[in-house]
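*Asks:* Sharing a model prediction with you, sequence too.
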Amino acid sequence: MTVLSAIVLVSCTKKLDNMSTQQKEDLVSNSWRITYFWDNDHEETNDYNGYSFEFKEGGSLVANKGSSTFTGTWFIDDSSDNHPNGELVINISGNDELDEINDDGNILELDNDHIYLQDDSQGGTSIEELKFEKTN
């Protein structure tokens, strides 16, 4: 997982205003929690208990856990023909858990209730999966 590749792709990204109206509304109008995270060879879902994530208009990202707040950025990258739904690029840090989800994930599902990302950028030798669900 490299943040550098995400930064390099910024100039080729789909702008927030170009997302479908429904996708934009679904993403930015909800608070999200991680319900599944597979990192290369093991599950790390429990590391994200208590976190909530908000994808804000303009590309800012806020993660809260208890009284701690962390900020970062997000954008949709649609520059690759290999990923017809684009990639959601997350750039947030502040602790080890958040550093782990800094990545670009192929969007397999993005609707009002779920965000499902998969990354196989390791050349197919390992797959990472990240699933968010809307919080109630």
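*Replies:* Great, that's in hand. If you're wondering where the values come from, they're calculated on a predicted model, not measured in any experiment.
*Asks:* going forward, measure contacts and count neighbours with C-alpha atoms only.
*Replies:* Fine.
*Asks:* so what's residue 115 closest to, chain neighbours aside?
*Replies:* residue 132 (5.0 Å; Cα to Cα, 6 or more residues apart in numbering).
*Asks:* residues touching the one you found, list them.
*Replies:* Counting by Cα atoms under 8 Å, 6 or more residues apart in numbering, residue 132 touches 32, 33, 34, 35, 36, 114, 115, 116.
*Asks:* Quick check: it is in a strand.
*Replies:* Yes. The assignment for residue 132 (DSSP: H, G, I helix; E, B strand; the rest coil) places it in a strand.
*Asks:* Show me what it is bridged to.
*Replies:* residue 34, residue 115 (DSSP bridges).
*Asks:* ditto for residue 68
*Replies:* residue 65.
*Asks:* burial measure for it, as a count.
*Replies:* Neighbours of residue 68 under the rule other Cα atoms under 10 Å: 9.
*Asks:* Strands of the protein, residue ranges please.
*Replies:* 31-39, 42-43, 51-55, 60-65, 68-77, 87-92, 103-110, 114-119, 128-134 (DSSP state E).
*Asks:* Please identify the most buried of these.
*Replies:* strand 87-92 (a mean of 24; mean count of other Cα atoms under 10 Å).
*Asks:* and that one, which strands flank it?
*Replies:* strand 68-77 (antiparallel), strand 103-110 (antiparallel).
*Asks:* which one of those strands has the lowest average pLDDT?
*Replies:* Note on these: lowest mean pLDDT is at strand 103-110, with a mean of 88.
*Asks:* And the contacts of it?
*Replies:* With Cα under 8 Å, 6+ apart, strand 103-110 has contacts from 1-3, 6, 23, 26-27, 83, 85-91, 115-119, 129-130.
*Asks:* for this structure, where's the lowest mean pLDDT among helices and strands?
*Replies:* The helix or strand of the chain with the poorest confidence is helix 3-8; it has a mean of 36 (mean pLDDT, DSSP states H and E).
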